[in-house]
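Student: Fold the stuff below for me.
(chains A and B)
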Number of protein chains: 2
Amino acid sequence: MSEHTIPYKIYLNEDEMPTAWYNLRADMKNKPAPLLNPGTHQPMKAEELSGVFCQELVRQELDDTTAFFEIPAEIREFYKMYRPSPLVRAYRLEEKLGTPAKIYYKFEGNNTSGSHKLNSAIAQAYYAKQQGLKGVTTETGAGQWGTALSMACSYFDLDCKVYMVKVSYEQKPFRREVMRTYGASVTPSPSMETAVGRKILAEHPGTTGSLGCAISEAVEVATSTPGYRYVLGSVLNQVLLHQSVIGLETKTALDKYGIKPDIIIGCAGGGSNLGGLIAPFMGQKLRGEADYRIIAVEPASCPSFTRGKYAYDFCDTGMVCPLAKMYTLGSGFIPAPNHAGGLRYHGMSSTLSQLYDDGLMEAVSVPQTAVFEAAEYFARVEGILPAPESSHAIRVAMDEALKCKETGEEKTIVFGLTGTGYFDMVAYEKFHDGKMSDYIPTDEELQASFDKLPKV
Amino acid sequence: MSEHTIPYKIYLNEDEMPTAWYNLRADMKNKPAPLLNPGTHQPMKAEELSGVFCQELVRQELDDTTAFFEIPAEIREFYKMYRPSPLVRAYRLEEKLGTPAKIYYKFEGNNTSGSHKLNSAIAQAYYAKQQGLKGVTTETGAGQWGTALSMACSYFDLDCKVYMVKVSYEQKPFRREVMRTYGASVTPSPSMETAVGRKILAEHPGTTGSLGCAISEAVEVATSTPGYRYVLGSVLNQVLLHQSVIGLETKTALDKYGIKPDIIIGCAGGGSNLGGLIAPFMGQKLRGEADYRIIAVEPASCPSFTRGKYAYDFCDTGMVCPLAKMYTLGSGFIPAPNHAGGLRYHGMSSTLSQLYDDGLMEAVSVPQTAVFEAAEYFARVEGILPAPESSHAIRVAMDEALKCKETGEEKTIVFGLTGTGYFDMVAYEKFHDGKMSDYIPTDEELQASFDKLPKV
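Tutor: Just a heads-up that it's a prediction; the model follows:
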């Protein structure tokens, strides 16, 4: 390999790390639609939300005009324990693909939670502690968010109750043990601890649970236990705000070497990673200062952007949470089994939904086998075993790089590598054994789900 | 937390990374004793070893006078993909312990193999490729070495045959899948593929295997298949040479900030991590340029330094490998079940054994439960889930820091954090459930094993 002027890994110095989160909504002409009260269909007020969320987080959730929120010193100290994350130049991948494209990835997996989720978990735990709360509740599916929140709560000495979808609880005992190592209580959902859990178990005695049910249990416990609030790892505006640290670091690192990306790519489930990665770039685009192609990648089995409806919908299957306007497959939509647990959500961040609807970003969906082919290829040439979620972005980054190979264009591609796949080896095993499904929902299935959207 | 001048994580720049490995033996007055032919009891010659190992690795194994070996450019490129590893200042741990000690750890876990093993794996794969070999064979117990070698072989497009102790193969399917992701073939040992495997299976039909048996199978295949050689992840001089990259980076990082350690601590199984971490510091000590307390930490269940004999012994239970003079518990010694697979070897690097015998370093052994208590404490305050092996060093680093708390001494402690524990959650689960054993071998057990040492 020839000499290079840009290092394999660009690490910012501590004093170059962001001191404020960037609130993308401040620069949006068309603001994301407000959350609605599920009973009255009126915009949710701060008072209504503050029974569920911490006060400061409610403020962040509702504020669509303040561009920057200072990152409290305690959170910046915590960030220094695992951030800045490296912006990696994928020299080997470029070489192997034989592409003139220049590929960079922002790697968020080098922390024990194994993903970017920690960026928001620590913020949410901090504000809970500041408010004098005793603890927080949440749900987790694949387990990355639960792990991140456990770490954050352990740091601030907060109680952490995690409702883990029963099938994951049983199939991913290692994730559960990591959470226990951080002192969290982990309950398989549905459980007998909550009214909603008991109701579901009475109606469906053998159920293995769902994320929607786990949300309902976590919300019930948070709102009925003094000193507790509920926290969520994606979808919400506050989460995108905290995750802007990913994009801000990325932009500083690129600017340091005078690099301007042409294409920015991220996987999209609820939108936390993508919204964070693109934040400052989209900000420039909104302000007319620069232009970028921005691509959201979603699984073909759960294609909320590419095949969903832009409409008000419930955020949970239990229909107790507020209504959000978003690209959605319907809150009752159940994606075919796939191994990117973090991308199985039926809806999408309201902020990203508005940007997509305004034509400011693109979206593509990719089938599962093609994603794992990219994952294995990447693991071999770049030496990092990627999470299935992250591998959606790898797939499209490779596809774009291969297009450059055909056209000869030296485009600069940046993608988000959100996490590692150490707890996803069952999925890799299925891939190696040729037992992976590529099921894609039919139009009829989607229409049946759309027919049940709330009338707003 | 107050302002600090030393960052949480010291990362060297690419141009500060070592360009040569340091061969500790060059500065030793008392050289490590030579390997002996198991039949003749005469020192092994290069010709004899080159049927088993690559030629360049034989040269490195036998050379105890050359101080520096240049790191080939291809290996330096690979190192840049996951190195330099950070030297972390454990501000939070210091604060929580309330100690005036300053604690640093060199973290080798931020790569997909999850440990420092990759440093030598890539070197050994490189020399195999240079020699025009088709592939290599090895054994793996816990799986870290096998994973590292799979990654290295994938990089250089070499065939990789891993014999994995059957009990680990069955209990750690995820490790196996990571190796398969990197294209390695993984065979549970004992197998029907080798004469030695068939013999053992005929004699012990239900055996779950042992590292000694897996070594014998891997050596048999390497020596009987044209174009193959055998590679090993610890104990050997060549491995310590490659692992010196850990210590060299550590020393450069400390020097950059004018920090002089008082105590250097590492866990010790076969010695690869400890030998690498201490190399340049021990070199200074040998040359009379500086003094350090250097502490090897081993499990109380497998105490080769603290309770072993310094004697010639077989490196494998099959007794086909050369004899090495080392601190040993006897090649037939089987440690009680414990969860630090990388520290279950009966012997110890000849180089470290000689240094220990010469009084140049100390050793302590620690019981398993105390190790996991330290592991969990560390995970919570420093945010990294440590491997059980690495946690032995954490335990003693914490103990030394607590002594400083009593005496008020502001000592600087550096320890090696060799890897992450993502694949060790079964062990953490036993710890959480209070089912962990602290069995320590009796004097009678050890004596019975010593009685079987070869007469040399």
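
Student: how about the residue nearest to residue A:456 when sequence neighbours are not counted, secondary structure?
Tutor: Nearest non-adjacent residue to residue A:456, counting by C-beta to C-beta, 6 or more residues apart in numbering or on different chains: residue A:312, 4.0 Å away. C-betas here are computed from N, CA, C, even on glycine. The three-state assignment at residue A:312 reads strand, by DSSP: H, G, I helix; E, B strand; the rest coil.

Student: For chain B, see how far away residue A:312 is.
Tutor: 39 Å (C-beta to the nearest C-beta, to the nearest Å).

Student: List the beta-bridge partners for that residue.
Tutor: Beta bridges link residue A:312 to residue A:325, judged by DSSP bridges.

Student: That one contacts residue A:454, correct?
Tutor: Yes - Residue A:312 is within contact range of residue A:454, at 6.2 Å (criterion: C-beta atoms under 8 Å).

Student: Neighbour count: those two, which is higher?
Tutor: Higher neighbour count among residue A:312 and residue A:454: residue A:312, with 21 against 15, using other C-beta atoms under 10 Å in any protein chain shown.

Student: what sits against the more buried one?
Tutor: Shown in contact with residue A:312 (C-beta atoms under 8 Å, 6 or more residues apart in numbering or on different chains): A:33, A:36, A:323, A:324, A:325, A:453, A:454, A:456.

Student: mind running it again at 6 Å?
Tutor: Going by C-beta atoms under 6 Å, 6 or more residues apart in numbering or on different chains, residue A:312 touches A:323, A:325, A:456.

Student: what's the neighbour count on the second one?
Tutor: Each residue near residue A:325 was counted by other C-beta under 10 Å, and the total is 20.

Student: Equivalent analysis for the first one, please.
Tutor: Number of residues near residue A:323 (other C-beta under 10 Å) recorded here: 24.

Student: cool, and the last one?
Tutor: Burial measure for residue A:456: 12 neighbouring residues, criterion other C-beta under 10 Å.

Student: how near is it to residue A:41?
Tutor: Distance of residue A:456 to residue A:41, computed by C-beta to C-beta, to the nearest Å: 6 Å.

Student: cool, and the second one?
Tutor: Per C-beta to C-beta, residue A:325 is found 12 Å from residue A:41.

Student: Over to the first one?
Tutor: Per C-beta to C-beta, residue A:323 is found 7 Å from residue A:41.

Student: Take stretch A:41-54, keep the C-alpha atoms, and write them as CSV.
Tutor: The C-alpha trace of stretch A:41-54 is given here as CSV (Å, rounded to 0.1, in the frame of the first residue of the first chain):
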residue,chain,number,x,y,z
HIS,A,41,-55.6,14.6,19.2
GLN,A,42,-54.3,18.0,20.5
PRO,A,43,-50.5,18.7,20.6
MET,A,44,-49.0,17.3,23.7
LYS,A,45,-48.1,20.0,26.3
ALA,A,46,-45.0,19.9,28.5
GLU,A,47,-47.2,19.2,31.6
GLU,A,48,-48.6,16.1,29.9
LEU,A,49,-45.2,14.8,28.9
SER,A,50,-43.5,15.5,32.2
GLY,A,51,-45.3,12.6,33.9
VAL,A,52,-43.5,10.3,31.5
PHE,A,53,-40.2,12.0,30.8
CYS,A,54,-37.8,14.2,32.9
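
Student: Now it: buried residues?
Tutor: Buried positions in stretch A:41-54, judged by neighbour count with 16 or more other C-beta atoms under 10 Å in any protein chain shown: A:44, A:49, A:50, A:52, A:53, A:54.

Student: can you redo those residues as TSV with distance to residue A:73, pLDDT and secondary structure?
Tutor: Below are those laid out as TSV (distance: C-beta to C-beta, whole Å; pLDDT from 0 to 100; DSSP: H, G, I helix; E, B strand; the rest coil):
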residue	distance to residue A:73	pLDDT	secondary structure
A:44	31	95	coil
A:49	26	94	helix
A:50	24	94	coil
A:52	27	92	coil
A:53	22	94	coil
A:54	18	95	coil
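
Student: contacting residues around residue A:137?
Tutor: Taking C-beta under 6 Å, 6+ apart, we find residue A:137 in contact with A:161, A:218, A:221, A:222, A:228, A:230.

Student: Please repeat the previous calculation with a cut-off of 8 Å.
Tutor: Applying C-beta under 8 Å, 6+ apart, we find residue A:137 in contact with A:161, A:162, A:163, A:218, A:219, A:221, A:222, A:225, A:228, A:229, A:230, A:231.

Student: Do you know the pLDDT at the residue lying closest to residue A:220 once chain neighbours are set aside?
Tutor: The shortest distance from residue A:220 to any non-neighbouring residue, by C-beta to C-beta, 6+ apart, is to residue A:194 (4.7 Å). On pLDDT, residue A:194 comes in at 94.

Student: Ok, residue A:4 next?
Tutor: Residue A:4 is given a pLDDT of 76.

Student: before we move on, back to that, any idea which of the contacts of residue A:312 the model trusts least?
Tutor: Lowest pLDDT among the contacts of residue A:312: residue A:456, 88.

Student: For it, give its distance to residue A:213.
Tutor: Counting by C-beta to C-beta, the separation of residue A:456 from residue A:213 is 24 Å.

Student: Same check on residue A:35?
Tutor: To residue A:213, residue A:35 is 21 Å away according to C-beta to C-beta.

Student: What pairs with the helix or strand hosting residue A:106, parallel or antiparallel?
Tutor: Using DSSP states H and E, residue A:106 falls within strand A:102-107. Neighbouring strands of strand A:102-107 in its sheet, by DSSP bridges, are strand A:87-89 (antiparallel), strand A:412-417 (parallel).

Student: Could you list the single helix or strand in chain A with the lowest mean pLDDT?
Tutor: Ranked by mean pLDDT, DSSP states H and E, the weakest helix or strand in chain A is helix A:166-171, scoring a mean of 85.

Student: Downstream of that one, the next helix or strand is which one?
Tutor: helix A:173-181.

Student: Flag every buried residue along that following helix.
Tutor: Within helix A:173-181, the residues that qualify as buried are A:174, A:175, A:176, A:177, A:178, A:179, A:180, A:181, counting by 16+ other C-beta under 10 Å.

Student: how about that helix, does it reach chain B?
Tutor: Yes - applying C-beta under 8 Å from any C-beta of the partner chain, one finds helix A:173-181 touching chain B at A:173, A:174, A:177, A:178, A:180, A:181.

Student: for the record, mean pLDDT for whichever helix or strand comes after that helix?
Tutor: Beyond helix A:173-181 in the direction of the C-terminus, DSSP H and E gives the next helix or strand as strand A:185-189. Strand A:185-189 carries an average pLDDT of 96.

Student: How about stretch A:93-100?
Tutor: Here the average pLDDT along stretch A:93-100 is 98.

Student: which non-adjacent residue is nearest the most centrally placed residue in chain A?
Tutor: In chain A, the residue lying closest to the centroid (C-alpha atoms, centre = their mean) is residue A:272, at 3.5 Å. Using C-beta to C-beta, 6+ apart and skipping the chain neighbours, the partner closest in space to residue A:272 is residue A:234 (4.0 Å).
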